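Peer 1: coords please:
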Amino acid sequence: MKLKNKEIIAAIDNFENLNKAGLKLPGRVGFTIKQNKKKLLAEYRDYLEELNGIEAEKDSQEWKDTTNELLEAESEVAIAKVSPELLFDQDYEPILFDILDFMLEEIPEEGSAE
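Peer 2: Here you go, the predicted model:
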């Protein structure tokens, strides 16, 4: 799956916030989050390395332009998927589904052929 660096950063932050919130998730979902976080952190380290290598003066227009380009750059990340049905046993806040959306498998619509 292609993800922009800014999406990778947001996903890592969201995973951290879920962890801090102490939200109890089904084991398979928690394990998949852990797998994906590990992959995203590897991409984030590459982003930080490039960010730290910018040779323009911080807060200059050149620095801002370059950092914006880095945030928009895409990486191919092998995201592990999980069925959203694992989250249907409890009433979770809708924001959880927004946070996990990129790693949730699509549920086929009733009546559609797979």
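Peer 1: just the strands in this protein please.
Peer 2: For the chain, the strands defined by DSSP state E occupy 2-4, 74-76.
Peer 1: Tell me which of those strands lies nearest to residue 28.
Peer 2: With CB to CB, the closest approach to residue 28 among the strands of the chain belongs to strand 2-4: 21.8 Å. From N, CA and C alone the C-beta is placed, and that goes for glycine too.
Peer 1: then the worst-scoring helix or strand of the chain on mean pLDDT to CSV, C-alphas only?
Peer 2: Lowest mean confidence among the helices and strands of the chain (mean pLDDT, DSSP states H and E): helix 94-100, at a mean of 92. Taking Å, rounded to 0.1, in the frame of the first residue of the first chain, the C-alpha atoms of helix 94-100 are listed here in CSV:
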residue,chain,number,x,y,z
PRO,A,94,-16.5,5.6,15.3
ILE,A,95,-13.1,7.3,15.5
LEU,A,96,-11.4,3.9,16.0
PHE,A,97,-12.6,2.8,12.6
ASP,A,98,-11.2,6.0,11.1
ILE,A,99,-7.9,5.4,12.8
LEU,A,100,-7.7,1.8,11.6
